[in-house]
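Trainee: Sequence plus predicted model, see below.
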Amino acid sequence: MQGPDTTRLVSARSGPGRRWRFRLLPADRGLGWTPYAWLVYLSFFLVYPLWARPSAAGWGLHAAVVFAFLLLYFRGFWLQGRRLLPIIVGIALLGAIAVPFNPGASCFFIYAAAFLGEAGRPRVVIPWLAVLVAFVGAEAWLLALPPHAWIPGVVFSIIIGGTNIHFAEAGRANARLRLEQERVEEMAKVAERERISRDLHDLLGHTLSVIVLKSELASKLADHDPARAIGEIRDVERISRDALTEVRRAVRGYRARGFSGELAAGQAALAAAGVHLAADVSAEPLPPAVETTFALVLRESLTNVVRHAHATTCRTSLDVSDAGARLVIEDDGVGGAVKEGSGLAGMRERLEQMGGALIVSSGSGLRVEATLPLSRGSSSAGVLRT
């Protein structure tokens, strides 16, 4: 027997029409019609008076017991936890009162035991089951009840009560597991949205800056150097197509352009802005995740140089050693106070997720230093200079 987590009475308001309707059971699709089917065991109590032919008072007593039981029985499906214990005690007392004059009343002990599963965790309700069984045994001993009046109550209370306690605990464990899975799924969705947000920021911020620069350059060249202006416009078209491809890759979570590709693209963008790029980059292969992260840091940093630095020279270095990899981008621009926007915050988040760090300092220009740990065995090798 299982009940929902509700304490409402067996009545409910239905709709705005202020009509009241009564329910014997809560609207729990998992419960369904089964509580009505379980009432079949009440027949053990109902059949006995047909054979014993009690007096009118006896019939009245039987009817009162059945009425009280049905009230407690259906009320029990609206309760859970410790609030269910009074229902269990009430049903057990009905059994204790009725079993001396009707051996079939031992079914009430079984009903009481069946509700124990929803009354609490096993460590709480198993002692209650033991007390119930002991209570039945004690009454049978004190009143010298025949075996058929108490043995079913003891045996089936243990079996059905223990089974319901087990399945109720399994249901609670499954519910906790579902909640944990939903929480993990929600965290994964948030992480994916943040990743797409960072990627789109990095991609579109860099690309749009280059498009703006080249468009402005083409506009200036249009009057006195139309051929070069056409070349710049073609670059804008190519960059736009590349950006569209990269946005699609970002949405799919796939980033193909490595560090060298970002360095070449950044060099072209800086050249369009009149900034010379000096690169001192280790040729030591990097793990894919490290290379991708450094590529995005390089892209964002060079985009900031194009947008804000007003620099003439930008220097980039990448060092690799056993301790880790370090990427530095610095310019000779205006520098100034560092305000960490979404770009720097995204870089810092990417690095910290991999155990790295980001240091941004400003003086005569801006200096960005990104570090990431590497597994032992990596070492610096050849150096690529441009």
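Mentor: Okay, I see it. Everything numeric in this text was worked out from a predicted model, so none of it was measured.
Trainee: where are the low-confidence patches of the stretch 1-150 of the chain?
Mentor: 1-21, 28-29 (pLDDT under 70).
Trainee: redo that, cut-off 90
Mentor: Applying pLDDT under 90 to the stretch 1-150 of the chain flags the ranges 1-34, 41, 44, 48-58, 80-81, 148-149.
Trainee: Now do the strands in it.
Mentor: 11-14, 19-22 (DSSP state E, counting those that start in this stretch).
Trainee: next one: the stretch 251-386 of the chain
Mentor: Using DSSP E, counting those that start in this stretch, strands in the stretch 251-386 of the chain cover 276-282, 313-320, 324-331, 357-363, 365-373, 383-385.
Trainee: Grab the longest helix from the protein for me.
Mentor: helix 147-221 (DSSP state H).
Trainee: Could you list every helix and strand in contact with that helix?
Mentor: Counting contacts by 3 or more CB pairs under 8 Å, 6 or more residues apart in numbering; DSSP states H and E, helix 147-221 is packed against helix 106-115, helix 122-143, helix 226-252, helix 259-272, helix 288-304, helix 342-353. Quick note: C-beta positions are derived from backbone N, CA and C, even for glycine.
Trainee: So what touches the first one?
Mentor: Counting by CB atoms under 8 Å, 6 or more residues apart in numbering, the neighbours of helix 106-115 from elsewhere in the structure are 1, 38, 41-42, 44-45, 69, 73, 76, 84, 87-89, 91-92, 94-95, 98-99, 129, 132, 136, 149-150, 152-154, 156-158, 160-161, 164.
Trainee: again, only using 6 Å
Mentor: 1, 41, 44-45, 76, 84, 88, 91-92, 94-95, 99, 129, 132, 136, 152-153, 156-157, 160-161, 164 (CB atoms under 6 Å, 6 or more residues apart in numbering).
Trainee: Repeat that for the second one.
Mentor: Outside of helix 122-143, the residues within contact range by CB under 6 Å, 6+ apart are 92, 96, 100, 109, 113, 116, 119, 150, 153-154, 157, 161, 165, 169.
Trainee: Buried among those? Make that a PyMOL selection.
Mentor: The command below creates a PyMOL selection of those among the contacts of helix 122-143 that count as buried (16 or more other CB atoms under 10 Å):
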select buried, resi 92+96+109+113+116+119+150+153+154+157+161+165+169
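Trainee: for the contacts of helix 122-143, which one is nearest S364?
Mentor: E169 (68.2 Å; CB to CB).
Trainee: so what's the closest one up against?
Mentor: E169 neighbours (CB under 6 Å, 6+ apart): P122.
Trainee: and if we set it to 8 Å?
Mentor: So E169 contacts G117, R121, P122 (CB under 8 Å, 6+ apart).
Trainee: so where is the stretch 251-386 of the chain shaky, pLDDT-wise?
Mentor: 251-275, 277, 279-311, 320-324, 332-355, 360-366, 374-386.
Trainee: go again using 80 as the cut-off
Mentor: 251-258, 269, 272-273, 307-308, 323, 335-343, 346, 375-386 (pLDDT under 80).
Trainee: mind checking how far V125 is from R75?
Mentor: Distance of V125 to R75, given as CB to CB, to the nearest Å: 18 Å.
Trainee: Now the residue of the chain most remote from its centre: phi and psi?
Mentor: Going by CA atoms, centre = their mean, the residue of the chain most distant from its centre is S55, 63.6 Å out. Here the main-chain torsion angles of S55 (degrees, to the nearest 10) amount to phi -70, psi 180.
Trainee: do the same with E284
Mentor: Torsion angles, degrees, to the nearest 10, at E284: phi -60, psi 130.
Trainee: Check the contact between it and D322; I expect there is one.
Mentor: No: using CB atoms under 8 Å as the test, E284 is too far from D322 to be in contact (10.9 Å).
Trainee: So if I had to pick from these two, which one is more boxed in?
Mentor: A direct count of neighbours by other CB atoms under 10 Å for E284 and D322 places E284 higher, at 17 against 11.
Trainee: For L263, see how far away the more buried one is.
Mentor: For E284, the distance to L263 - CB to CB - is 15 Å.
Trainee: Please apply the same query to V360.
Mentor: 20 Å.
Trainee: between these two, who's got more neighbours?
Mentor: L263 (22 against 16).
Trainee: quick one, what contacts that one?
Mentor: A279, V281, L298, T316, T386.
Trainee: Farthest-apart pair in these, please.
Mentor: L298 and T386 (13.2 Å).
Trainee: Which one's more surrounded, the two?
Mentor: In this view L298 and T386 are compared by other CB under 10 Å, and L298 has more residues nearby, 25 against 11.
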